[in-house]
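# here is a sequence together with a model predicted from it:
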Amino acid sequence: MDLWFTEDHTEYVKFSMKVKEHLFSTKSKFQKIDVIDTYEFGRVLVIDGYLMVTEKDEFIYHDMITHVAMAVNPDIKNVLVIGGGDGGVVRELTRYSSIEKIDMVEIDGEVVHAAKKYLDFTSNKLDDERVTLYIEDGIKFVKDKKALYDLIIVDSTDPIGPGEGLFTTKFYKDCYRILTDKGILINQNESPYYADTAEQMIKATKKLRKVFPIVEVFQCHLPTYASGHWILGFSSKKFHPTRDFNGERWRQIGLDTKYYNTNIHLGSFALPTYVNKMLEAET
Ligand code: SAM
């Protein structure tokens, strides 16, 4: 009998992939966590029925959520990752010898456990000596934090359940407070294509613009996320993501990346007209 994983992208659109084996399933106190092995996308992490990470296309998302900020400010040393339980963001960050400290705050230890056991391709750098893993709510962590970070990356689930509070003005203000004067916040900022994720994208961007002087959004194309057109937020106290960008300086670092490059850095901020109109209309 054929086994398929299906995610509802909208009430009227489903996305399915054929499953080889259902490797893991548990229900933590926050969410249902599954790992499946699929014919097309390899191993896949699913949380509450929503696809999080696939072996085949995670490089796209983890490149863009990490390298854009690192290419704008070469002096990033202290980084805070909120969410990111699969470890993909930390994996990319540890490729920079200039980074001295990475705090990762993941609310659900069961996600990290599943990633360490089944998703070695993303979790293989969580034991880097620069990484400190906190299993707690990112909302509370930033509220209580005093130390400053150069970069905060919010790699969260959607604004439902435990992830909801990571899309609030209060959370963004707390992030602003614990960023240095050259600080940058990168967030998973949903998608412009379907109505519900478009509404979430507009709302998050509007809130960020109330807190940060520079707020832009950029895009990447991820086959397994709803519509394939995904948006990330770039919020900054000082640096503009394209005007203050020096591609040659990043290329000198010599990182070999599979998706990110200095042309796509600039291109990712060139948004379709309908997306610009959505975001302008709301500001
Ligand atoms: N890249 C994926 C996406 O765009 O949907 C998300 C990757 S990662 C699996 C998302 C993580 O955010 C999950 O492990 C979840 O447990 C975590 N998370 C959700 N709410 C959180 C919170 N309030 N504090 C810390 N981590 C949270």
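Now that the structure is in, tell me what you want to look at.
# give the full set of residues in contact with His22.
Applying CB atoms under 8 Å, 6 or more residues apart in numbering, we find His22 in contact with Leu3, Asp34, Ile36, Asp37. To be clear about C-beta, it is placed using only N, CA and C from the backbone, and glycine gets the same treatment.
# that one in helix, strand or coil?
For His22, the assignment made with DSSP: H, G, I helix; E, B strand; the rest coil gives strand.
# may I have the beta-bridge partners of it?
Under DSSP bridges, the beta-bridge partners of His22 are Ile36.
# confidence score at it?
pLDDT, His22: 98.
# any idea how far Phe245 is from it?
Computed with CB to CB, to the nearest Å, the distance linking His22 and Phe245 is 43 Å.
# pick out the residue nearest the middle of the chain.
Centroid check for the chain by CA atoms, centre = their mean gives Asp155 as the closest residue, at 3.2 Å.
# per-residue pLDDT, it?
97.
# nearest residue to it other than its sequence neighbours?
The shortest distance from Asp155 to any non-neighbouring residue, by CB to CB, 6 or more residues apart in numbering, is to Gly84 (3.7 Å).
# please look at the one you found and Ile153 and confirm they touch.
Yes - Gly84 is in contact with Ile153 according to CB atoms under 8 Å; the separation is 7.0 Å.
# follow-up on the earlier one: which of the contacts of His22 has the most neighbours?
Counting neighbours by other CB atoms under 10 Å, Ile36 leads the contacts of His22 with 24 neighbours.
# re the thing from before, what's near enough to touch the residue nearest to Asp155?
Neighbour list for Gly84: Val90, Met104, Glu106, Ile153, Asp155 [criterion: CB under 8 Å, 6+ apart].
# likewise Ser28?
The contact partners of Ser28, by CB under 8 Å, 6+ apart, come to Asp108, Gly109, Glu110, Val111.
# what's the distance between it and the ligand?
Shown here: Ser28 relative to the ligand, a distance of 8 Å by CB to the nearest ligand atom, to the nearest Å.
# how about Lys206?
20 Å.
# what secondary structure does that residue sit in?
Lys206 - assigned by three-state DSSP - is helix.
# before we move on, back to that, beta-bridge partners for the residue nearest to the centre of the chain, please?
Gly83.
# one step back: out of the contacts of Gly84, which are inside helices?
Under the assignment DSSP state H, those contribute Val90 to helices.
# ok, which of the contacts of Gly84 also contact the ligand?
By CB under 6 Å from any ligand atom, the members of those lying near the ligand are Glu106, Asp155.
# is Ser25 in contact with Ile33, as I believe?
Yes - using CB under 8 Å, Ser25 is in contact with Ile33, at 7.2 Å.
# who has more neighbours, the two?
Here Ser25 and Ile33 are compared on neighbour count by other CB under 10 Å; more neighbours surround Ile33, at 22 against 12.
# what helix or strand is the more buried one located in?
Taking DSSP states H and E as the criterion, Ile33 maps to strand 32-38.
# count the residues that sit near Arg130.
By other CB under 10 Å, 18 other residues sit near Arg130.
# tell me how far the closest residue to Glu40 other than its chain neighbours lies from the ligand.
Nearest residue to Glu40 in three dimensions, chain neighbours excluded: Met17, at 5.6 Å (CB to CB, 6+ apart). Met17 sits 16 Å away from the ligand, going by CB to the nearest ligand atom.
# same thing with Leu151?
Counting by CB to the nearest ligand atom, the gap from Leu151 to the ligand is 17 Å.
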